[in-house]
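Chemist: What shape does this take:
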Amino acid sequence: MFDDATKDRVSRWIAGDIAISDNPGASIKRWRKKFDINQNTLAGKLEISPSVISDYESGRRKSPGTGIIKKIVRAFIKFDEEQGGQVTKAFANRFEAHLPTEVVRDISEFENSVNGEKFLEIVKGDVVANGDLLDKGLFGYTVIDGPKAILELTTTDFAGLFGVSRERALIFTNVSTGRSPMVAIKVRGMTPGVIVLHGNVDKPDKLAIRIAEDLKVPLVVSNVSDTEKLIDNLQKNLS
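Modeler: Predicted coordinates for the structure are as follows:
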C-alpha cells in the first residue's frame, strides 16, 4: 500500500515525537489512540504482555529506549495498513504537501483531545451551524490564510492542512463571508472536526451555512481582534 520510503519517513517522525516528549508513555498512548489500536492488539504484534504496554503508558515502567519505540511505531503502521492505511496516508499527505508559511500560519497536534466547547472559548467563537456537534474531541488545529489557500493550494496541499487527524479545527483567516472556504472543503471531500471563520465576518454567507449543515460540521465565527492575537491564544492554551 505504501512504499518503504514513505513508511520509514512516517515512522521516523512519530518515533521522534515520542522520544523527545517530556512524557514518552503518554505520547505512546496518544499515538496508539490515533491509530485506533488497543493495548491487547499492540502487545500481540510486539509479542509482549499487554501489561507491559499499560506500564509504559502509565509511567509505572521506565520509558522505553529508541529501539522499543521504533518497534512500537512500526506496529502502529502495520496495523494501520491492515485497516486501510488512513492514518499513514494522512502523514504521507502532510509530507508531500507544500505548505508555505504565508498560507499556513500555524499548525499543532494535541497531546490529548480538546473539547469543542473549550476550543470555542479560546477562539471567542459564535456558533452559526451545528452547535450540537461541538461535544466531539479535537486533536489539533491549523490556522490558514483563507484567500491564499483557495488560490494557491492543490488538492494534495489541501489534504496537508489536516495534519495527522481530521478531528481538528481548520481556522480560515482574512475571510468575509466564509463561502469560498466552505465550497473548497465540500469540493475536496474532506471534513474537519470544526471550521472557524476569522476576519471581517459580520454575517456568514447563507451558502456557507448550508454547506456546513450538509456536511454536519460545526461552523464558528471567531471574534478575536486579529490573526496574531488568535494564534497567540491558541498557542498559550493548546500548544
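Chemist: Following element in sequence after the lowest-mean-pLDDT helix or strand in the chain, please.
Modeler: Ranked by mean pLDDT, DSSP states H and E, the helix or strand of the chain with the weakest confidence is helix 86-96, at a mean of 72. Using DSSP states H and E, the helix or strand that follows helix 86-96 in sequence is strand 104-115.
Chemist: Now do the buried residues in that following strand.
Modeler: Val104, Arg105, Asp106, Ile107, Ser108, Glu109, Phe110, Ser113, Val114 (16 or more other C-beta atoms under 10 Å). C-beta here means a position set from N, CA and C on the backbone, and glycine is covered the same way.
Chemist: what's in contact with the helix or strand that it is followed by?
Modeler: Following strand 104-115 in sequence order, the next helix or strand is helix 116-122 (DSSP H and E). For helix 116-122, contacts defined as C-beta atoms under 8 Å, 6 or more residues apart in numbering pick out 125, 127, 133-138, 141, 169, 193-194, 218, 220, 233-234, 237-238.
Chemist: One more pass at 6 Å, please.
Modeler: Contacts to helix 116-122, defined as C-beta atoms under 6 Å, 6 or more residues apart in numbering, come from residues Leu134, Lys136, Leu138, Asn233, Asn237.
Chemist: hang on, the earlier thing: make a markdown table out of the buried residues of strand 104-115 and add distance to Asn174.
Modeler: Shown next, in a markdown table, are these (distance: C-beta to C-beta, whole Å):
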| residue | distance to Asn174 |
| --- | --- |
| Val104 | 13 |
| Arg105 | 10 |
| Asp106 | 14 |
| Ile107 | 17 |
| Ser108 | 20 |
| Glu109 | 24 |
| Phe110 | 25 |
| Ser113 | 28 |
| Val114 | 24 |
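Chemist: where does the nearest residue to Asp106 once chain neighbours are set aside fall, phi/psi-wise?
Modeler: Spatially, and ignoring its direct neighbours in sequence, Asp106 is nearest to Val143 (4.2 Å; C-beta to C-beta, 6 or more residues apart in numbering). When read as degrees, to the nearest 10, the backbone of Val143 gives phi -100, psi 120.
Chemist: Right, I'll leave it there.
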